[in-house]
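In: Everything below, folded, please.
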Amino acid sequence: MAKIGLFYGTQTGNTQTGAELIQKKFGGDSVVDIYDISKVESSDFHGYNYIIIGCPTWNVGELQDDWDNFFDELDNIDFSGKKVAYFGVGDQNGYPDSFQDAIGILEERISELGGKTVGYWSTEGYDFTDSKALRNGKFVGLALDEDNQSELTQQRIKTWVAQLKQEFRL
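Out: A predicted model of the protein is given here:
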């Protein structure tokens with residue numbers, strides 16, 4: 001099975017927990033390598049044809065600090081031919097006008113750099129008013145809300161990973 005590189009940034013630990021759950025659902029560290037974006041270099045992306053990006057939306061529609069600091073480094077990565085999936089953590093009740101904006105910002109830039117987005121996720125079951133993560137009526141990736149829907153996280157990850165296994169052809 002091909003290795004997957006999962007790159008995440010976290011403020012409160014929720015995105016790291018999500019990354020670890022995703023790794024576990026894929027079958028563990030023999031399948032998914034996890035990287036904290038605050039500790040990587042652009043070259044760490046090069047060995048992967050399958051990439052998962054995890055980022056919480058911070059403040060009002062902003063990237064998490066470590067992703068914000070790394071954002072310009074994305075230009076040094078050749079995403080051509082790579083399948084890229086996204087997951088985000090946000091608060092749809094507290095920030096309904098910018099829910100999951102961070103993964104939308106990252107997806108837009110990585111797509112411009114040649115990455116092929118996979119893992120689109122339905123907006124059904126969410127209550128928000130706007131998001132930069134919407135493309136053709138779906139989220140660009142898995143939307144998690146630990147503040148308001150933590151009881152749904154395990155099942156959402158399980159369903160999304162099953163979807164990604166097909167889209168990654170694993």
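In: Look up how far residue 38 lies from residue 65.
Out: 8 Å (Cβ to Cβ, to the nearest Å). Quick note: C-beta positions are derived from backbone N, CA and C, even for glycine.
In: Overlap in contacts, the two.
Out: Counting by Cβ atoms under 8 Å, 6 or more residues apart in numbering, the shared contacts of residue 65 and residue 38 are residue 9.
In: Give the burial count for the nearest residue in space to residue 81 that is not next to it in sequence, as a bare number.
Out: Excluding its sequence neighbours, the residue lying closest to residue 81 (Cβ to Cβ, 6 or more residues apart in numbering) is residue 49, at 6.8 Å. Residues lying near residue 49 (other Cβ atoms under 10 Å) number 13.
In: quick one: residue 49 and residue 83 touch, right?
Out: Yes - under the criterion of Cβ atoms under 8 Å, residue 49 makes contact with residue 83 at 6.7 Å.
In: mind showing which ranges of the protein have poor pLDDT?
Out: 1-2 (pLDDT under 70).
In: For it, which segments count as strands?
Out: For the chain, applying DSSP state E gives strands covering 4-8, 32-36, 50-58, 62-63, 83-89, 116-117, 121-122, 134-135, 138-139, 142-144.
In: Okay, buried residues for stretch 86-104 please.
Out: 86-92, 95, 98-104 (16 or more other Cβ atoms under 10 Å).
In: right, I mislabeled it, should have said stretch 124-135
Out: Judged by neighbour count using 16+ other Cβ under 10 Å, the buried positions of stretch 124-135 are 126, 128, 131, 132, 133, 134, 135.
In: Report the distance from it to the chain centre.
Out: 15 Å (Cα atoms, centre = their mean, to the nearest Å).
In: For it, measure first residue to last.
Out: 14 Å (Cα to Cα, to the nearest Å).
In: Any chance of TSV for the buried residues of stretch 124-135, columns distance to residue 12?
Out: Listed next are the buried residues of stretch 124-135 as TSV, based on distance: Cβ to Cβ, whole Å:
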residue	distance to residue 12
126	20
128	19
131	20
132	21
133	19
134	24
135	27
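In: now, which of the residues you listed sits nearest residue 143?
Out: Relative to residue 143, the closest of these is residue 126; by Cβ to Cβ it sits at 6.3 Å.
In: What residues does the closest residue in space to that closest one that isn't next to it in sequence make contact with?
Out: Leaving aside its chain neighbours, residue 126 sits nearest to residue 92 (5.6 Å; criterion: Cβ to Cβ, 6+ apart). By Cβ under 8 Å, 6+ apart, the contact set of residue 92 is 99, 126, 127, 128, 145, 148, 149.
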